[in-house]
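K.L.:
Sequence first, then the predicted structure:
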Amino acid sequence: MLNFRLNAEQHALQQKARKFALEEVLPVAWYYDEKDEIPMEIIRKAFDAGILASDIPKLYGGKGLSLVDSALITEEVAAACPGLATSIFDSSLGMEPLLLSDNEGAKQKYLPKIAGEFKLAAFATSEPTMGSDVAGIRCMATADGDDFILNGTKYWITNGGVADYVTVFATINPKDRHKGICAFLIETEWEGVNIGRPIPKMGQRCSNTVGVNFKNVRVPKENILALPGQGFVLAMKTFARTRPIIGSFGVGAARAATEYALDYAKKRRAFGMELGAFQAIQFKLAEMFQKVETSRLLTWKAAWECDQNEDGRVSASISKLYATETALEVVNEALQIFGGYGYTKMFPVEKLLRDVRLLRIYEGTSEVQRVILADYLLKEYTSSLPPLEDLPLHRDLSPAEVQAAGGVWRCRICGHVHYGDSAPEECPYCFFPDKVFKEIDVKN
């Protein structure tokens, strides 16, 4: 049986995250957004509260929370500030390739530090000339004995300016595309690692985003997470586990926008009555609410599949696509309900709108998610219904008359159904010859 109830531990975790979001994140969100600065003291408080990197397995000193648990936490923090939610979640993204790798030595060395010493991780696939096209990586990894030498630049690296470790995806030859990609865990204090200035952004200004440059950085054998040819698969496995959390960003932000708009609609008066009394506003609120609820279910489903060690890539893409598209739609409608006030910095919706616009871009754009889903449908999806050419669609004869007709033939071009011992020489509708007809088994 399906069960959508949170257990007692999950409910307590949700309430703990909500309390943290309301008491620690919400009061400072607009201040640091205006400063365009990551509030490290809040990140530290998130760590102390067990909210940051809480999904590290207990084997390595972590709390061992599930991905569903992470989705609960993320929604609450994102409702207060999507930018800070990104900063808090990004350490989990940065360490995910390490968790998924076969490098047990690196896990034993780094995961306990991330879990117990407030060490932050970042994730680096994107570059100045490529984003969602992971196979287009140009950052070079040159073998040098058992080690590799890194040269190149990674870009759009969230938390790159404050991280202690960065998971880096590089290639031994850009022409090899997927087959050349490898992955490493580097320490930002290593010689040759250069951190760029914070990139000025429209939204998500409470999260740090930089370029990271590598000049002859030596990566020891012990820090190899994926050898050439294995890196692309590792990156895709990582996204399958992290994209549902991006969906949770959208759920949190959209829920916040809905709640703000609901409060405003109850108190604002126009034409002698509450704004919420107008059916046009009621319909907007109803649509916003159902989209938030649908998005949450999709993200929970995707996270649950990952927790069950199932192949969650399709559900991950669906949840990421739907929840992030929904977030933009819902926040935009909330601003419309606020009218001119929504367009000002005196109310919270304009910041939410700036923050959620990025969700449709990072960790695979909405367009990339559609490509993934279309590829799955066309190559892997198994239909429950029979192919069109096997549908008799009996309109003229009863089942008994069909059995007595001697045979049923369907034109595979226009769909005409012919009854008889053999196909007609020519279809009476589309005029194709008898070769296009397929005999249909009607015994079953």
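P.N.:
Perfect, I can see it now.
K.L.:
show me where the stretch 201-350 of the chain has helices.
P.N.:
231-267, 279-307, 313-338, 349-356 (DSSP state H, counting those that start in this stretch).
K.L.:
so the second one versus helix 313-338, what angle?
P.N.:
Using axes from the mean of the first three to the mean of the last three CA atoms, to 10 degrees, one finds that helix 279-307 and helix 313-338 are set 160 degrees apart in direction.
K.L.:
772 is where my numbering starts, stick with that
P.N.:
Renumbered: residue one is now 772, and that last one reads helix 1050-1078.
K.L.:
Against which helices or strands is helix 1050-1078 packed?
P.N.:
Judged by 3 or more CB pairs under 8 Å, 6 or more residues apart in numbering; DSSP states H and E, helix 1050-1078 is in contact with helix 838-851, helix 1002-1038, helix 1084-1109. Any C-beta I mention is one placed from the backbone N, CA and C, and that applies to glycine too.
K.L.:
Out of those, which is closest to residue 933?
P.N.:
Nearest to residue 933 among the helices and strands packed on helix 1050-1078 is helix 838-851 (17.2 Å), distances taken as CB to CB.
K.L.:
So which bits of that closest one are buried?
P.N.:
For helix 838-851, a neighbour-count test (16 or more other CB atoms under 10 Å) marks 838-851 as buried.
K.L.:
In three-state terms, label the closest residue to residue 1095 other than its chain neighbours for me.
P.N.:
Excluding the flanking residues, the one nearest residue 1095 by CB to CB, 6 or more residues apart in numbering is residue 1130, at 3.8 Å. Here residue 1130 is helix, with the state taken from DSSP: H, G, I helix; E, B strand; the rest coil.
K.L.:
where does residue 1130 land on pLDDT?
P.N.:
Predicted confidence (pLDDT) for residue 1130: 95.
K.L.:
can you pull the contacts of the residue nearest the centre of the chain?
P.N.:
Nearest to the mean C-alpha position of the chain, by CA atoms, centre = their mean, lies residue 1014 at 2.3 Å. Contacts for residue 1014 (CB atoms under 8 Å, 6 or more residues apart in numbering) come out as 1073, 1087, 1088, 1090, 1091, 1134, 1135.
K.L.:
With residue 1125 instead?
P.N.:
973, 974, 975, 976.
K.L.:
please redo it, this time with the cut-off set to 7 Å
P.N.:
Residues near residue 1125 by CB atoms under 7 Å, 6 or more residues apart in numbering: 973, 974.
K.L.:
now it: how far from residue 953?
P.N.:
The spacing between residue 1125 and residue 953, counted by CB to CB, to the nearest Å, is 36 Å.
K.L.:
What of residue 872?
P.N.:
11 Å.
K.L.:
Repeat that for residue 1056.
P.N.:
Remark: distance between residue 1056 and residue 953 (CB to CB) = 50 Å.
K.L.:
now residue 1078
P.N.:
28 Å.
K.L.:
More neighbours: which of the two?
P.N.:
The neighbour comparison of residue 1078 against residue 953 (other CB atoms under 10 Å) goes to residue 953, with 24 against 16.
K.L.:
any idea which helix or strand comes after the helix or strand hosting that one?
P.N.:
Taking DSSP states H and E as the definition, one finds residue 953 inside strand 952-958. Using DSSP H and E, the helix or strand that follows strand 952-958 in sequence is strand 964-966.
K.L.:
who does that following strand touch, helix- and strand-wise?
P.N.:
Contacts defined by 3 or more CB pairs under 7 Å, 6 or more residues apart in numbering; DSSP states H and E place strand 964-966 against strand 980-990.
K.L.:
Quick check: buried residues in the strand it packs on?
P.N.:
In strand 980-990, counting by 16+ other CB under 10 Å, buried: 980, 981, 982, 983, 984, 985, 988, 990.
K.L.:
same thing with stretch 1164-1173?
P.N.:
Under 16+ other CB under 10 Å, the buried positions of stretch 1164-1173 are 1165, 1173.
K.L.:
And the contacts of it?
P.N.:
1176, 1179, 1188, 1190, 1213.
K.L.:
for the record, mean pLDDT for it?
P.N.:
75.
K.L.:
Likewise for stretch 995-1006?
P.N.:
Averaged across stretch 995-1006, the pLDDT comes to 95.
K.L.:
swap in stretch 1089-1109?
P.N.:
Averaged across stretch 1089-1109, the pLDDT comes to 97.
K.L.:
okay, now residue 993: neighbour count?
P.N.:
Residue 993 has 12 nearby residues by other CB under 10 Å.
K.L.:
now do residue 1077
P.N.:
25.
K.L.:
OK, contacts around it?
P.N.:
Contacts of residue 1077 (CB under 7 Å, 6+ apart): 838, 1011, 1012, 1015, 1083.
K.L.:
any idea how far the closest residue to the first one other than its chain neighbours lies from residue 791?
P.N.:
In other words, residue 838. Counting by CB to CB, 6+ apart, residue 838 lies nearest to residue 1074, which is 4.0 Å off, once chain neighbours are set aside. According to CB to CB, residue 1074 and residue 791 sit 20 Å apart.
K.L.:
ditto for residue 1122
P.N.:
On the measure of CB to CB, residue 1122 and residue 791 end up 19 Å apart.
K.L.:
Equivalent analysis for residue 876, please.
P.N.:
34 Å.
K.L.:
Compare those two (neighbour count), which wins?
P.N.:
Higher neighbour count among residue 876 and residue 791: residue 791, with 22 against 10, using other CB under 10 Å.
K.L.:
List the contacts of that one.
P.N.:
Residue 791 neighbours (CB under 7 Å, 6+ apart): 817, 820, 822.
K.L.:
ok, 6 Å please
P.N.:
Residue 791 sits next to residue 820 when contact means CB atoms under 6 Å, 6 or more residues apart in numbering.
K.L.:
next one: the one 5 residues further on
P.N.:
With contacts taken as CB under 6 Å, 6+ apart, residue 796 has the following neighbours: 848, 851, 852, 855.
K.L.:
where exactly do the strands run in the stretch 772-921 of the chain?
P.N.:
892-895, 911-915, 918-929 (DSSP state E, counting those that start in this stretch).
K.L.:
any chance of those in CSV, plus mean pLDDT?
P.N.:
Formatted as CSV, these follow (pLDDT from 0 to 100):
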stretch, mean pLDDT
strand 892-895, 96
strand 911-915, 96
strand 918-929, 96
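K.L.:
And these: which comes nearest residue 945?
P.N.:
Closest among the strands of the stretch 772-921 of the chain, using CB to CB: strand 911-915, at 8.0 Å.
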